[in-house]
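>>> from the sequence below, what's the structure:
(chains A and B)
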Amino acid sequence: MPTIEISYKDLCNLIGKKIPIKELEKEGILFVKGEFEEVDGDRIKLEIADTNRPDLWSVEGIARELKTKYNIESGAINYTSKKSGLKLTIDRNLKKIRPLTVCAVIKKINITEEVLFQIIQLQEKVCETFGRNRDQAAIGIYDYDKITGPITYKAFDPDKTKFQPLDYPQEITLRQILSKHPKGKEYGDLLEGFDKYPLFIDSVGEVLSMPPVINSEHTGKVTKDTHNLFIECSGHDMKFIVPALNVVVSALIDRGGKLETVEIEDNGKTIISPDFSLKEIIVSKELIIKTLGETITDKKIIQLLKGARFDVKEEKESFKVYYAPYRQDIMHPMDIVEDILIGYGFNNIVPESPQIITEHSLIGEEQFARDIADIMVGLSCQEVMSYVLTNKDYLFKNMDIDPETQKIIEIDNAVSKNWCVFRTWIIPQLLEIFSKNTNREYPQQIFEIGQVVIPDEKAETRAINPIRIAWGIIDKNSDFTKAKQALDFLMGSLGVSYEIIEAEHNSFIPGRCGRVKVNGKKIAYIGEIHPQVLGNWKLDYPVAAFELNLTELYKAVNR
Amino acid sequence: MAADKDTQKLIETLHPLEQKVLPLIAEHNSLAELVDVSGLSQIEVMRALQWLENKDIAKIKTEPKEKISLDANGKEYLEKGLPEKRFLIAIKDKPQDMGKIAVKAGLDKSELNACIGILKGKAAINFRDNKIELTAQGKNIIDKESIEDKFLKKLSKGSVALSRLSDEERFAYDIFRKRKEIIKTTFVKDRTAELTELGKKLSKMKIKTSGAIDRLTPDMLKNGAWKGRKFRRYDVEINVPKIYGGKKHQYNEFINEVKHILLRMGFVEMTGPIIETEFFNFDALYQPQNHPARTWTATYKIKEPKYGDLPDKKIIEAVSKTHENGGDSGSTGWGYKWDPKIAMQLMPRAHDTAISPRYMAKEIKSPGKYFSLVRCFRPDVIDATHGVEFNQMGGFVIGKDLSFKHLLGLLRDCAFELTGATEARFFPDYFPFTEPSVQISVKHPKFGWLELAGAGIFRPELCTPLGIKEPVIAWGFGLDRLAMLKLGIKDIRDIFSHDLDYLKKQKKYNR
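Numbers count the residues shown, from 1 in each chain, chains lettered A, B, ... in the order given. Predicted coordinates for the structure are as follows:
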């Protein structure tokens, strides 16, 4: 969720009315799905929940919506433009590198320190979140008066071309920028591997920028003394770069800038950029009423649509809704319906419990697991809970098991090496708990019921998640008998008969380990933990344990 | 001295252990001495003292004392000699280089470095031509038993109280303390007992075993020997040693309770695999394949295997079309080329909503209410509000005439049932798979306004490809947060606490 910092005074100036800050915090900001995080004097930090509405990630965008909420304006803003006369040519050699750009000119803008802060913040948020860290959209803003048109967008040899990047003392080659300039280090991977790097360059050979990395010191520096701006957005897909540019441009127009277009020559096609004409979508009346669940007049709907910055033409069964080009989120009439409901006010709708009669049920296996827990606490066992994630040392090394003999699912980008594989059994985690409680009173008798993750090539997602119960006791005289008594009590309580056959398992003492069979199916291990394993866990007392597949046992009980 | 009535009653309540210990306290006051002279075990003496203290007959004084004993390296050095001694012996005959010394003295690199520091400090060694030689001072030291050696030997016989160290021992102690695992300091409580005024009075009286019955035995019951005899009076107000029975885990109890609330509300439980395809995690929920929420930093990836199976062709085709151009959903779609290979990638389930499209694609009834409550996995940095794993509860309600009004009603009902709150407010919110989207806050009787859950109507782009034509209300709760409120837990990591003492003391009702 984007978090931005704005000035309260600036916001009120843009709205054109002083709205009490408490009113903004409690009501106004909800209108744009925002939430105040922190207020410090005039500075407000706020979070915007809608990650699909970059037009709301700026003070200008917020003010634009609030102007309708506080009845200062309504309907879509009709942005007008003039031709700037500036031309830009896209070279064919960018095709595989970064083939697209759209741009605009903004004249006569008054840039104060706050405006500059807001422009940079919006540019960064849009490129980061919406532009996928500049990959899909990188925006450059330049001092228009230092550019001599026409502009060429073309790729150049990274070792033979030089310019002075922003905030750097001298000219360096394009390749050096990637290794030396902080922005080069940050975004260089977007260009690495190409034999040429893209540049915007003007007719006298002055470099504007190397997208998506860095502007030049000469033309790419915007200050309080800048009055006219050139803005471009480069990328690979019009779906990203057009809205990204439009969001920034509309904010600058709202600041008083005058929009002028640029003529872009893209290999034979000519585009006039930006296109700020309104777009349209048809929304049926039925959808609005059905979704709201209350009757509502057409007049009210029109009022709410205008309040959400739309222009409307009413037809018989529907509305033609017109919206500004910064609204890139509108894909379906439902997106318009939401804006109507927000305008209507969620808290003005009377909630109604859905009156539907349904069958209801819980997952049998899960409830069975809870019944098992009931039985186990009768033995004075404490139930414990661990994560499903653990690590290889616990699963294998400490348990004296060769990791080559068992498949596991391992996380590729783990946050912590303590939790990087999915458990295939639970007894290791019981031993972990014993090892953390050596200073507590003995005997300790614990159990855990939970899912494990067993790789299975035949399964749809290549793993299955049976529920298991693991039980263990640590005490000076815990032994196989204790484990079998507990198992016996559990099976007896369920009325399940079973047999134990001798088994080999590295984690258990040879000759004191068995597998439990129910209806001919092996569903559990039981035994005394090997002293070597106890030593690995730094345990000074013997441990007896069993681990039983409850998913299988559930089947046996329900046969 | 004759006992008055109260004192007599008091004497009658004395347990045999108390009767035995009480007269001894006047002469011997340390716990160890009392154990010696009474012939009782330490626990018995302690118990007697505690009872006497409860009756205001004696007072127990506890003074913490630091005791020093040998640690792992200390024990090793006791056998092999201190590293610096071994170092000196290694160069006794002729100067050696570091490698040789390490082998001869059996020292690792960090020990070697520590030795050089120590021995240089004592001017016992000298560097010459990359070799280390013994100085005159070194020769002096080598055969003598040092203060450190002596102290080591002393400790080998048992732990020593810090306060009782001689000056020399104190010197050695200060050196050892700075080195790794030679000695360890433990705090032990030193207990002494002392008689109160009442105690002094009683101890002067003859406490004779009055013939009162202490414990009722099966024999007495059989032969009637109890008849006509008095029972020793107990102090019924006395504290007894605590015992703990088995307990179910409080968090599982909470989860089960939540499930039963939903059951009562008419919900069917759903479940799904822990390892999930990106298809159900994202694609089926209309999350575009280039969405930032699908990146390396936002979700876990798994090493092997990389790919799972996709559901049947009809659904794949419909989902792919919807992403690309909206398909039959009435949407423009995201407008990009959908790649089945990405959808096949496996990942740990990142949210419970992954389960909903699985059911919607095949086995739901309309009208119907469905929920799931499952463990989810995301690469969050672990802190007081982010665990290694988290539980989410969510689901959906489907029905022909459902509207936003019902969504609010359902969300409110769930929130009230789960928290006991009676007031709710709704806020516009954003979720990629619902439109409109809403968040609910409720006024909790104890904690005030709380953001509790999110909900929305599933987007047509999600429902249409799965063959669902009726409105579907989706909702979800962050369960761990709710659990923290209900269980009174402040740090989310405590939910999975491994401290058995903490777990066995959990209360059944924490509200």
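
>>> residue contacts, residue A:500?
Residues in contact with residue A:500 (CB atoms under 8 Å, 6 or more residues apart in numbering or on different chains) are A:484, A:514, A:515, A:516, A:517, A:526. For glycine as for every other residue, the C-beta is placed from the backbone atoms N, C-alpha and C.

>>> quick check, it in a strand?
Yes - with DSSP: H, G, I helix; E, B strand; the rest coil as the criterion, residue A:500 is part of a strand.

>>> for it, give me the pLDDT.
Per-residue pLDDT puts residue A:500 at 95.

>>> do the same with residue B:213
84.

>>> now it, nearest residue through space, not along the chain?
Spatial nearest neighbour of residue B:213, chain neighbours left out: residue B:231 (4.9 Å); criterion: CB to CB, 6 or more residues apart in numbering or on different chains.

>>> ok, now residue B:278?
Per CB to CB, 6+ apart, closest to residue B:278 is residue B:345, 4.7 Å.

>>> any idea how many residues pack against residue A:159?
11 (other CB atoms under 10 Å in any protein chain shown).

>>> right, and it touches residue A:178 too?
No - using CB atoms under 8 Å, residue A:159 makes no contact with residue A:178, being 11.4 Å away.

>>> return the residues in contact with whichever residue of the stretch 1-150 of chain B sits closest to chain A.
Per CB to the nearest CB, residue B:72 is where the stretch 1-150 of chain B lies closest to chain A, at 12.0 Å. By CB under 8 Å, 6+ apart, residue B:72 lies in contact with residue B:181.

>>> just for the stretch 201-350 of chain B, where's the confidence low?
B:207-210 (pLDDT under 70).

>>> where do the strands sit along it?
All strands of the stretch 201-350 of chain B, identified by DSSP state E, counting those that start in this stretch, fall at B:268-269, B:275-277, B:346-348.

>>> please identify the most buried of those.
Scoring these by mean neighbour count under mean count of other CB atoms under 10 Å in any protein chain shown gives strand B:275-277 as the most buried, with a mean of 26.

>>> isn't the residue nearest to residue B:213 right up against residue B:215?
No - in this structure, residue B:231 is not within contact of residue B:215 by CB under 8 Å, at 9.4 Å.

>>> more neighbours: those two, which one.
Taking other CB under 10 Å, residue B:231 and residue B:215 do not tie; residue B:231 has more neighbours (12 against 8).

>>> could I get the phi/psi values of residue A:85?
With angles defined as degrees, to the nearest 10, residue A:85 sits at phi 90, psi -10.

>>> which ones are touching it?
residue A:149.

>>> now the helices for the stretch 401-550 of chain A?
With helices called from DSSP state H, counting those that start in this stretch, the stretch 401-550 of chain A shows them at A:427-436, A:480-494, A:531-536, A:550-557.

>>> out of those, flag the one nearest residue B:246.
Taking CB to CB, helix A:480-494 is the member of these nearest to residue B:246, at 11.2 Å.

>>> let me know whether residue A:308 touches residue A:339 as I believe.
Yes - under the criterion of CB under 8 Å, residue A:308 makes contact with residue A:339 at 3.8 Å.

>>> you'd agree residue A:114 is in a helix?
Yes - under three-state DSSP, residue A:114 sits within a helix.

>>> so it makes contact with residue A:7?
Yes - with contact defined as CB under 8 Å, residue A:114 and residue A:7 form a contacting pair (5.6 Å).

>>> which residues sit against stretch A:362-381?
A:383, A:445-447, A:449, A:467, A:469, A:471, A:486, A:489-490, A:493-494, A:550-551, A:553-554, A:557-558, B:244-248, B:252, B:256, B:259-260, B:263, B:269-271.

>>> give me that answer again for 7 Å
A:383, A:445-447, A:449, A:467, A:469, A:471, A:486, A:489-490, A:493, A:550-551, A:554, B:245-248, B:252, B:256, B:259, B:263, B:269, B:271 (CB atoms under 7 Å, 6 or more residues apart in numbering or on different chains).

>>> try stretch A:532-540
If you take CB under 7 Å, 6+ apart as the criterion, stretch A:532-540 is touched by A:398, A:399, A:400, A:431, A:434, A:435, A:438, A:474, A:507, A:543.

>>> one step back: buried ones among the contacts of residue A:500?
Buried subset of those (neighbour count, 16 or more other CB atoms under 10 Å in any protein chain shown): A:484, A:514, A:515, A:516, A:526.

>>> tell me what the residue nearest to residue B:278 is bridged to.
residue B:307 (DSSP bridges).

>>> Provide a list of residues in contact with it.
Counted by CB under 7 Å, 6+ apart, residue B:345 has contacts B:277, B:278, B:306, B:307.

>>> which among the residues you listed gets closest to chain A?
Using CB to the nearest CB, these come closest to chain A at residue B:277, 5.9 Å.

>>> so that closest one is in contact with residue B:346, correct?
Yes - if you go by CB atoms under 7 Å, residue B:277 and residue B:346 touch, sitting 6.1 Å apart.

>>> between those two, what contacts are shared?
Listed as contacting both residue B:277 and residue B:346 by CB under 7 Å, 6+ apart are A:461, B:308.

>>> most proximal residue of chain A with respect to chain B?
Nearest residue of chain A to chain B: residue A:293, at 2.7 Å (CB to the nearest CB).

>>> shouldn't that residue be in contact with residue B:402?
No - the criterion here is CB under 7 Å, and residue A:293 misses it with residue B:402 at 8.0 Å.

>>> what's the burial count for the closest residue to residue A:396 other than its chain neighbours?
Once flanking residues are discounted, residue A:396 sits nearest to residue A:403: 4.3 Å by CB to CB, 6+ apart. As a burial measure, residue A:403 scores 13 neighbours (other CB under 10 Å).

>>> now residue B:497: how far from residue A:438?
Distance of residue B:497 to residue A:438, given as CB to CB, to the nearest Å: 16 Å.

>>> what's in contact with stretch A:394-411?
A:392, A:420-424, A:428, A:432, A:453, A:455, A:463, A:506-507, A:530, A:532-533, A:536-537, B:275, B:300, B:302-303.

>>> any regions of the stretch 351-500 of chain A where pLDDT drops low?
Applying pLDDT under 70 to the stretch 351-500 of chain A flags no residue at all.

>>> could you pull out the strands for it?
Ranges of strands within the stretch 351-500 of chain A are A:382-383, A:389-390, A:421-422, A:444-451, A:454-455, A:463-464, A:467-474, A:499-502, based on DSSP E, counting those that start in this stretch.
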